[in-house]
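Undergrad: following is a predicted model, sequence given first.
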Amino acid sequence: MPEEKKALILLTNDDGVYAPGLRTLFAGLAGTGQTVIVAPDRDNSAVSHSLSLHRPLMVKKLEENIYAINGTPADCVTIGLEKVLPGKPDLIVSGINAGANLGHDISYSGTVSAAKEGTIRGVPSMALSIAGHGPYHFDTGLQCARLMAELILANGMPADCYLNINIPNLRPAELSGLKITRQGRRMYENALQELSDPWGRPCFWIGGGKPSREQECGTDSFETEKNYISITPIHVDLTNYEALDTLQQAWGNRLKEQQFS
């Protein structure tokens, strides 16, 4: 009988090509499929879904099936799919991020945006992050990645949907389980620091701060605080359909009558 074809899995992140979470995936998912890394050559945290439009991008092969690009996570997915991989991958896995991507974090996260770019391009995708502070239990994240990869490869994904997965920074035996969650709210207090440069001029540094505590059961940040792995399906379509109906009823006639001169 012919040998069964292995799944092709594209790996990327926003922490950079040498990040331990990414290398854990590369080695640990090798039994699930053929793993290929296409990742930024340096840390690109909080770059969101940005693309590099105003400078050339270079691909550097570091090792067999490991490539670095001087660009963003979304750049890496774009170039990986179109120029590096031998064909369309069966799965894109972004991570494992060193730190949570919960609630409003997903709007800024390069890790999550790489999964979004993959979904836009028609590839089942997921982003994984460790919720907590180092040292990180990437082995726990790998066990989750293997489970989810097997489920996605066997069953596929809903259309225009990718998964944002947050794993509490615990040993596997310390976890409460896994839950399908919705996106919560997560804001940071005192995240803007006012400093002075060497010449005494004021400047500002965005980062740090204390995240707010989510109070609603079933949200990503609430459940991770209860030691559950949070699996949140995110839709590429950002339309607020409830607001769409409300605005059509409230403003529809006025907008139809409006004329510009």
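TA: Structure received.
Undergrad: residue ranges in the stretch 51-200 of the chain under the pLDDT threshold?
TA: Low-confidence segments of the stretch 51-200 of the chain (pLDDT under 70): 188.
Undergrad: now stretch 54-74: buried residues?
TA: With burial defined by 16 or more other Cβ atoms under 10 Å, the residues of stretch 54-74 counted as buried are 59, 65-69, 71-74. C-beta here means a position set from N, CA and C on the backbone, and glycine is covered the same way.
Undergrad: likewise stretch 113-128?
TA: Residues 113-121, 123-128 are the ones in stretch 113-128 that count as buried (16+ other Cβ under 10 Å).
Undergrad: got it, and stretch 8-23?
TA: For stretch 8-23, by 16+ other Cβ under 10 Å, it's 8-15, 17, 19, 21-23.
Undergrad: and it, how far out from the chain middle?
TA: Relative to the centre of its chain, stretch 8-23 is centred 11 Å away, using Cα atoms, centre = their mean, to the nearest Å.
Undergrad: what do you get for stretch 133-142?
TA: Distance, centroid of stretch 133-142 to centroid of chain: 16 Å (Cα atoms, centre = their mean).
Undergrad: what is the burial count for the residue lying closest to T24 once chain neighbours are set aside?
TA: Distance criterion Cβ to Cβ, 6 or more residues apart in numbering; nearest residue to T24, sequence neighbours excluded, is F138 at 4.3 Å. By other Cβ atoms under 10 Å, 24 other residues sit near F138.
Undergrad: C-terminal to the helix or strand that contains T119, what's the next element?
TA: Assigned by DSSP states H and E, T119 belongs to helix 110-120. Beyond helix 110-120 on the C-terminal side, the first helix or strand identified by DSSP H and E is strand 125-131.
Undergrad: so what's Q183 up against?
TA: 103, 106, 164, 219-220, 232, 234 (Cβ atoms under 8 Å, 6 or more residues apart in numbering).
Undergrad: for it, give its distance to A250.
TA: Distance of Q183 to A250, given as Cβ to Cβ, to the nearest Å: 26 Å.
Undergrad: where does the nearest residue to L153 once chain neighbours are set aside fall, phi/psi-wise?
TA: Among residues not flanking L153 along the chain, A7 sits closest, at 5.4 Å (Cβ to Cβ, 6+ apart). Dihedral pair for A7: phi -70, psi 150, per degrees, to the nearest 10.
Undergrad: A7 contacts T35, correct?
TA: No. Look at A7 against T35 with Cβ atoms under 8 Å: they stay out of range, at 9.5 Å.
Undergrad: for the stretch 151-261 of the chain, what spans make up the strands?
TA: All strands of the stretch 151-261 of the chain, identified by DSSP state E, counting those that start in this stretch, fall at 161-168, 177-180, 188-189, 192-196, 202-206, 210-211, 228-235.
Undergrad: tell me which of these sits most buried.
TA: Of the strands of the stretch 151-261 of the chain, the one with the most neighbours on average (mean count of other Cβ atoms under 10 Å) is strand 161-168, at a mean of 26.
Undergrad: okay, now the sheet partners of that strand, with direction.
TA: strand 125-131 (parallel), strand 228-235 (antiparallel) (DSSP bridges).
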